[in-house]
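> Fold the following and give me the result.
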Amino acid sequence: MNDRKINIKKPPYYLLAKFLPNIKLGYALDIGCGKGHNSFFLARKGFKVDAIDIKKEYIDYVKKITQKYKLNINASLVNIKDFKIESKKYNLVLAIQSLPFLTKSELKKVINEIKNGLKSNGVLIISSFTIKDPSFLLLKKNSKLIEENTFEDKNHKIWCFFKKNELKTYFDKKFKFLFYKERLVKDKFPHPHSHGIVETVIKKA
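Model (predicted):
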């Protein structure tokens, strides 16, 4: 990739930028980091970032930029299912459209591990698909149901969807919702379409 095209100042996920003042500096975990724009943002703000993804090209890219700009990011090629989340390590965990590709039982297990991995006053930011997503009905009609609202498509890829307010039930009184919204959003890539998503920001007591 041409280094002149690299922009480590790409804006982060909007809820991350909005709630950053609520988050104490320390360790952050970026689950499904992609090309790393949230990780780069956090590292530039002073966080020590563990960035993970299952795509080698993304992790290679994040490592390249990390080395070039001397950022405090540890990038690993690993599935969140196989990643050991240390107890009470993280001040922030990001799961931005990385949980829908787990089965419902795997997703519940990962969320429990995330909750344990958060420090007191740590923040979790999630964006995931809901059953309002147009792809839900298509998958329901054409794919294999393997768990509740969880499908395996013809390419053996997993798709998992939340029911209305379901995500709230994963958290007890030790966690405070700073933000919660279910909505439809438009996406332009690879062609114009929409997604039904749930977005939330949760703080651990």
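
> for whatever helix or strand Leu16 lives in, packing partners?
Using DSSP states H and E, Leu16 maps to helix 14-19. In terms of contacts (3 or more CB pairs under 8 Å, 6 or more residues apart in numbering; DSSP states H and E), helix 14-19 is packed against helix 37-44, strand 118-129, strand 175-187, strand 193-204. Heads up, the C-betas are built off the backbone N, CA and C, glycines and all.

> where are the low-confidence patches of this protein?
Along the chain, the model assigns pLDDT under 70 to residues 1-7.

> one more time with 50
1-4 (pLDDT under 50).

> quick revisit: immediately after the helix holding Leu16, which helix or strand?
On the C-terminal side of helix 14-19, the closest following helix or strand by DSSP H and E is strand 27-31.

> Direction included, what does that following strand pair up with?
strand 48-53 (parallel), strand 90-96 (parallel) (DSSP bridges).

> Including distance to Lys70, could these go into a markdown table?
Below are the strands paired with strand 27-31 laid out as a markdown table (distance: least, CB to CB, whole Å):
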| stretch | distance to Lys70 |
| --- | --- |
| strand 48-53 | 13 |
| strand 90-96 | 21 |
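
> Which among those is found nearest to Asp82?
strand 48-53 (9.5 Å; CB to CB).

> That closest one vs helix 37-44, what angle?
170 degrees (axes from the mean of the first three to the mean of the last three CA atoms, to 10 degrees).

> now strand 48-53, how far from the chain's geometric center?
11 Å (CA atoms, centre = their mean, to the nearest Å).

> got it, and stretch 22-31?
Worked out by CA atoms, centre = their mean, stretch 22-31 lies 13 Å from the chain centre.

> can you give me the end-to-end distance of it?
End-to-end distance of stretch 22-31 (CA to CA, to the nearest Å): 20 Å.

> Can you give the contact residues for that stretch?
Applying CB atoms under 8 Å, 6 or more residues apart in numbering, the external contacts of stretch 22-31 come out as 36, 38-39, 42, 45-52, 80, 83, 85, 89-96, 98-99, 114, 117, 119, 121-123, 178, 203.

> Mind checking which of the residues you listed are buried?
36, 38-39, 42, 47-52, 80, 85, 89-96, 98-99, 114, 117, 119, 122-123, 178, 203 (16 or more other CB atoms under 10 Å).

> Give me the nearest residue to Ile202, chain neighbours excluded.
In space, and not counting its chain neighbours, Ile202 is closest to Leu124: 4.7 Å by CB to CB, 6 or more residues apart in numbering.

> can I assume that neighbour is in contact with Val93?
Yes: in terms of CB atoms under 8 Å, Leu124 counts as a neighbour of Val93; the distance is 4.8 Å.

> Need the overlap of contacts for the two.
Common neighbours of Leu124 and Val93 (criterion: CB under 8 Å, 6+ apart): 114, 118.

> Show me the residue sitting in the middle of this protein in space.
Ala95 (1.6 Å; CA atoms, centre = their mean).

> element containing the residue nearest to Tyr170 when sequence neighbours are not counted, please.
Counting by CB to CB, 6+ apart, Tyr170 lies nearest to Ile111, which is 5.3 Å off, once chain neighbours are set aside. Ile111 is part of helix 104-117 when elements are defined by DSSP H and E.
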